[in-house]
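A.B. asks: give me a model of this one.
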Amino acid sequence: MPSEFSVRIKKAEWLNNPPRRWNNGLLYAGNAWRAENQDYPAQAAGSTYKRTGTLGGKSNFEITDEGREMLLKSVGYWQNVMYGTGVFGPKSTPITPKTKRVLAWKDQRSGRMIFAKSVQGFIWEGKLKEIIAEMKKAFKLGIVRYVE
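C.D. replies: Below is the predicted model:
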């Protein structure tokens, strides 16, 4: 299931600048959103998962409401990657099986099955703050570079 997030410009700010200028700023910010989601950290040595590029490839944006709003779109697990899972996530608890005795997954490198009673989880440390900072910087740049 895809995730959607909305970025909206306040009405007072909207009235002080031409709509096309805000639209240009949102366009720059949207492109920064897409680029930042494609910028993966280095894969940890010994990790068992396989990268597919889906997070970066499925991240997109849409400018709506005459350039006053931007919808950021990505894959459903985007929030898990950005906010963290397990002990790193909002619940701060290890990931444990719900219906079975152990978790099980196939090691993508060796092909062997791995079993565990719990796992710590994962977080893309600092990535969410980095994305927000890059989008703000790109938005300001888009407004400055707009020429009527």
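A.B. asks: got the contact list for the closest residue to Phe88 other than its chain neighbours?
C.D. replies: Distance criterion CB to CB, 6 or more residues apart in numbering; nearest residue to Phe88, sequence neighbours excluded, is Ile123 at 3.7 Å. Bear in mind the C-beta positions are built from the backbone N, C-alpha and C, glycine included. The contact partners of Ile123, by CB atoms under 8 Å, 6 or more residues apart in numbering, come to 83-85, 88-89.
A.B. asks: helix/strand/coil for Ile123?
C.D. replies: Secondary structure, DSSP: H, G, I helix; E, B strand; the rest coil: Ile123 is coil.
A.B. asks: if I look at it, how far off is Glu69?
C.D. replies: Counting by CB to CB, to the nearest Å, the gap from Ile123 to Glu69 is 29 Å.
A.B. asks: would you map out the domains in the protein?
C.D. replies: Here the domain parsing of the chain from automatic domain parsing is 3-84+123-145, 85-121.
A.B. asks: contacts for the helix or strand hosting Met70?
C.D. replies: Using DSSP states H and E, the element containing Met70 is strand 69-74. Contacting residues not belonging to strand 69-74 are listed as 2-9, 26, 29-30, 33, 37, 55, 58-64 [CB under 8 Å, 6+ apart].
A.B. asks: tell me the confidence at the residue most central in space within the chain?
C.D. replies: The centre of the chain sits closest to Trp78, judged by CA atoms, centre = their mean, with a distance of 4.9 Å. For Trp78, the pLDDT comes out at 78.
A.B. asks: thinking it is in contact with Leu55, fair?
C.D. replies: Yes. Using CB atoms under 8 Å, Trp78 is in contact with Leu55, at 6.5 Å.
A.B. asks: shared neighbours of those two, anything?
C.D. replies: Shared contacts of Trp78 and Leu55, defined by CB under 8 Å, 6+ apart, are found at Asn37.
A.B. asks: past the helix or strand of the chain with the lowest mean pLDDT, which element shows up next along the chain?
C.D. replies: Between all helices and strands in the chain, the lowest mean by mean pLDDT, DSSP states H and E belongs to helix 11-16, at a mean of 60. Per DSSP H and E, helix 11-16 leads on to helix 19-38 as the next helix or strand towards the C-terminus.
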